[in-house]
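1. Could you look at this predicted model? Sequence included:
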Amino acid sequence: MILDKLLEMSNGQAITIDAISDYSVGIDVVKREIGKGKQLYAVVVIDTAANAADAAKTITFSVISDSTANLATSAVVQASTRAYTGAVITAGREPIVIPIPPISLETTDLYYGMQYDVSATFTSFTLSAYIAVEVQSNT
């Protein structure tokens, strides 16, 4: 799979508490429809595993959009995963893939990113997330 640096939302981001991705993907440059006619996905890759002591804690991954690049004004959840336990947050696991609803030219939410919601404070693990048009499966 070929990754585009401009579609990266997190790169080795450490997660301990609820967080927003380090980066956002802007679709405002020419107000174009990114991936027009194609399904887009948010792909989350676990870089380093959660601590064994965090096995029962959970994390939910959400694709969010906002009118500002820092994703802090009025973020709207576009899609979310189920809650994953810390026990399955392991390095090298199959990526977590989230289908993104079609992006409209009429939207005022011109920036997309990720929101990471935890049930309790994790010791720490790291992840990377990006937008992709096609998703590779390791199975």
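-> Okay, I see it. Numbering: from 1, shown residues only.

2. so where's this structure shaky on pLDDT?
-> Within the chain, the stretches with pLDDT under 70 are 1-3, 28-37, 104-108, 137-139.

3. Reduced to three states, what does residue 87 come out as?
-> Three-state assignment for residue 87 (DSSP: H, G, I helix; E, B strand; the rest coil): helix.

4. could you pull out the strands for this protein?
-> Counting by DSSP state E, the chain has strands at residues 8-15, 19-20, 25-26, 40-48, 58-66, 76-80, 84-85, 96-100, 111-118, 125-132.

5. As CSV, the ones you listed with mean neighbour count would be great.
-> In this view, the C-beta of every residue, glycine as well, is placed from N, C-alpha and C. Output for these, formatted as CSV (neighbours: other Cβ atoms under 10 Å):
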stretch, mean neighbour count
strand 8-15, 18
strand 19-20, 18
strand 25-26, 18
strand 40-48, 20
strand 58-66, 21
strand 76-80, 14
strand 84-85, 16
strand 96-100, 17
strand 111-118, 21
strand 125-132, 22
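
6. which residue sits closest to the residue of the chain most remote from its centre, ignoring its sequence neighbours?
-> Farthest-out residue of the chain from its mean C-alpha position, per Cα atoms, centre = their mean: residue 53, at 24.0 Å. Of all residues not flanking residue 53 in the chain, residue 123 sits nearest, at 6.2 Å (Cβ to Cβ, 6 or more residues apart in numbering).

7. Tell me who's in contact with the residue nearest to residue 111 when sequence neighbours are not counted.
-> Counting by Cβ to Cβ, 6+ apart, the nearest residue to residue 111 once its immediate chain neighbours are dropped is residue 24, at 4.2 Å. Residues in contact with residue 24 (Cβ atoms under 8 Å, 6 or more residues apart in numbering) are 9, 66, 69-71, 111-113.

8. swap in residue 67?
-> Residue 67 neighbours (Cβ under 8 Å, 6+ apart): 73-74, 108-111.
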